[in-house]
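> Test case, fold it:
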Amino acid sequence: MAQAQANSDDAPLVVLGEIHTCLLPSQHVLDTAACIELLSAVQRGLTVTSRERPMPLVVSPNRFEGVDCNLIPVSGKHIHVIGTVASRTVVIGGRVLQGSSQTRVMRAEERQPWSYYLSRPGTVDAVSKLGSEPAGRVVDGHLSSHGDDKLDLTSISQRMSTFARVDPRLDQKMPFRAGTTRLRWAVEVGDESDQLPRFAFHLAGNTLRTVRLTLAGSNVAAAQRFCEDLAIHDWLLTAIGQVADRAGRSDHETDALLDQLVPLLDQLVPLWMPGAHTAPQLRQLWADLETDPGFTRQWTARVGQLRDRMTTATLKALRHSKIISHDW
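I've put the predicted structure just below:
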């Protein structure tokens with residue numbers, strides 16, 4: 001009989017995840033009942049969870065996808081993993097959609113039958129001999145991975161968001177343009193006696209962000225929710241920044257500009273609640289983010305910029321209408 005492997009309740013070597021965040025393709029904000037109906041299609045027969053306050057949040061049940069692949073090369077060798085990735089879909093405020101995937105990486109001795117891996121959902125076993133390979137190198141590889149032959153959480157998360165986006169109950173009409181961001185995250189388990197939690201947040205391009213967390217073993221389960229919360233606020237900043245940049249270049253087409261700014265300010269500004277859905281033990285991380293890079297300071301400045309732009313555009317439109325009326 002194969003040697004017993006680590007129990008799924010043991011501390012993982014690392015936890016790896018990725019989140020895709022985008023605008024829900026709907027002309028109007030969905031109420032909670034509509035969001036629950038939308039996400040019930042993710043896993044028929046399982047319960048969709050929701051919260052109304054302080055901001056509407058709807059989370060689908062997990063779907064599990066089997067993987068049998070490599071992690072990134074570490075110290076010149078591949079780490080082969082077998083198991084499942086847990087993925088879910090999240091809707092925030094009836095307006096923003098997320099596809100979110102994660103898996104716990106456990107040390108193992110040898111390969112087991114698939115029934116074993118299916119009994120431990122959201123967990124992969126590293127069946128390569130790791131020896132004393134530090135978890136930090138696995139994290140480094142995940143956060144910088146670009147290879148198609150590796151554990152591909154990018155495609156898995158994208159499928160989750162796409163599954164909801166193409167649902168026929170959505171009208172595919174969006175009141176303003178906003179792109180998709182990806183937040184790739186990883187957790188190392190630290191010593192309970194250390195000063196934890198710790199994290200590093202990095203912009204890795206126009207759309208990719210990376211987050212590295214060091215948490216006590218008892219807090220690992222809260223990491224995905226914190227990262228989803230961080231991803232939505234980063235997306236809000238990115239989306240409003242993109243619209244502000246477009247508005248700054250637009251000297252004409254005042255009506256078109258107002259058509260974008262009004263729903264954006266009306267629908268996105270109420271969603272800014274850093275840490276609202278983060279577990280209490282990780283809210284300290286938001287205090288650090290408010291200090292550097294100063295999320296709320298950036299948000300307030302961007303919102304003020306757009307409101308000034310909207311006021312200017314409104315005055316131009318009123319002036320133009322008076323001129324036309326007078327000429328008539």
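> what bridges to the residue nearest to residue 180 when sequence neighbours are not counted?
The shortest distance from residue 180 to any non-neighbouring residue, by C-beta to C-beta, 6 or more residues apart in numbering, is to residue 22 (4.2 Å). C-beta coordinates here come from the backbone N, C-alpha and C atoms, glycine included. The bridge-partner assignment for residue 22, based on DSSP bridges, gives residue 97.
> so residue 22 touches residue 179, yeah?
Yes - taking C-beta atoms under 8 Å as the definition, residue 22 is a contact partner of residue 179 at 7.4 Å.
> ok, the two, which is more surrounded?
Neighbour tally, residue 22 and residue 179, criterion other C-beta atoms under 10 Å: the higher count belongs to residue 22, 22 against 13.
> Local confidence estimate at that one?
What the model reports as pLDDT for residue 22 is 96.
> same question, residue 239
The predicted local confidence for residue 239 comes out at a pLDDT of 89.
> For it, give me the backbone phi and psi.
The phi/psi pair for residue 239 (degrees, to the nearest 10) reads phi -60, psi -50.
> Same question for the one 3 residues further on.
Dihedral angles of residue 242 (phi, psi; degrees, to the nearest 10) stand at phi -60, psi -40.
> Quick one: neighbours of it, just the number.
A total of 15 residues lie near residue 242 under the criterion other C-beta under 10 Å.
> So it sits against residue 178, correct?
Yes - the pair residue 242 and residue 178 qualifies as a contact (C-beta under 8 Å) at a distance of 6.7 Å.
> Measure how buried residue 101 is and give me the count.
Applying other C-beta under 10 Å, I find that residue 101 has 27 neighbouring residues.
> can you check residue 44 too?
Using other C-beta under 10 Å, residue 44 has 7 neighbouring residues.
> How about residue 18?
Applying other C-beta under 10 Å, I find that residue 18 has 28 neighbouring residues.
> how near is the residue nearest to it when sequence neighbours are not counted to residue 276?
Distance criterion C-beta to C-beta, 6+ apart; nearest residue to residue 18, sequence neighbours excluded, is residue 153 at 4.0 Å. In this view, residue 153 and residue 276 are 25 Å apart by C-beta to C-beta, to the nearest Å.
> Looking at these two, which is more packed in?
Of the pair residue 153 and residue 276, residue 153 is the one with more neighbours under other C-beta under 10 Å, namely 26 against 18.
> Dihedrals phi and psi, that one?
Per-residue torsions, residue 153: phi -70, psi -20 (degrees, to the nearest 10).
> Kindly report the same for the one 10 residues further on.
Here is the backbone geometry of residue 163 (degrees, to the nearest 10): phi -60, psi -40.
> Give the full set of residues in contact with it.
If a contact means C-beta atoms under 8 Å, 6 or more residues apart in numbering, then residue 163 has 41, 42, 89, 99 as its contacts.
> With residue 268 instead?
95, 236, 239, 240.
> Measure how buried the first one is and give me the count.
A count of neighbours around residue 95, defined by other C-beta under 10 Å, yields 21.
> Low-confidence regions, the stretch 151-300 of the chain specifically.
Judged by pLDDT under 70, the stretch 151-300 of the chain has its weakly predicted residues at 192-193, 247-257.
> now the strands for it?
For the stretch 151-300 of the chain, the strands defined by DSSP state E, counting those that start in this stretch occupy 181-190, 198-203, 208-216.
> which stretch among these comes nearest residue 134?
Judged by C-beta to C-beta, the one of the strands of the stretch 151-300 of the chain that comes nearest to residue 134 is strand 181-190, at 8.9 Å.
> Residue 170 is in contact with residue 38, correct?
Yes - taking contacts as C-beta under 8 Å, residue 38 lies within contact range of residue 170: 7.4 Å.
> out of these two, which sits in the busier spot?
Neighbour totals were compared for residue 38 and residue 170, and residue 38 leads with 23 against 18 (other C-beta under 10 Å).
> residue boundaries of the helices in the stretch 201-328 of the chain?
In the stretch 201-328 of the chain, helices defined by DSSP state H, counting those that start in this stretch lie at 223-248, 254-268, 284-291, 295-327, listed in chain order.
> right, so of the ones you listed, which gets closest to residue 58?
Of all those, it is helix 223-248 that lies closest to residue 58, at 12.1 Å by C-beta to C-beta.
> any idea how this structure splits into domains?
14-223, 236-327 (automatic domain parsing).
> Any idea which of the ones you listed gets closest to residue 230?
Between residue 230 and these, the tightest spacing by C-beta to C-beta is seen for domain 14-223, at 6.5 Å.
> how about the nearest residue to residue 36, chain neighbours excluded?
The shortest distance from residue 36 to any residue that is not its chain neighbour, by C-beta to C-beta, 6+ apart, is 4.8 Å, and that residue is residue 48.
> For the one you found, give its distance to residue 90.
11 Å.
> Over to residue 40?
To residue 90, residue 40 is 14 Å away according to C-beta to C-beta.
> Need the overlap of contacts for the two.
When contacts are counted by C-beta under 8 Å, 6+ apart, residue 40 and residue 90 are jointly contacted by residue 60.
> neighbour count winner among these two?
Taking other C-beta under 10 Å, residue 40 and residue 90 do not tie; residue 90 has more neighbours (28 against 16).
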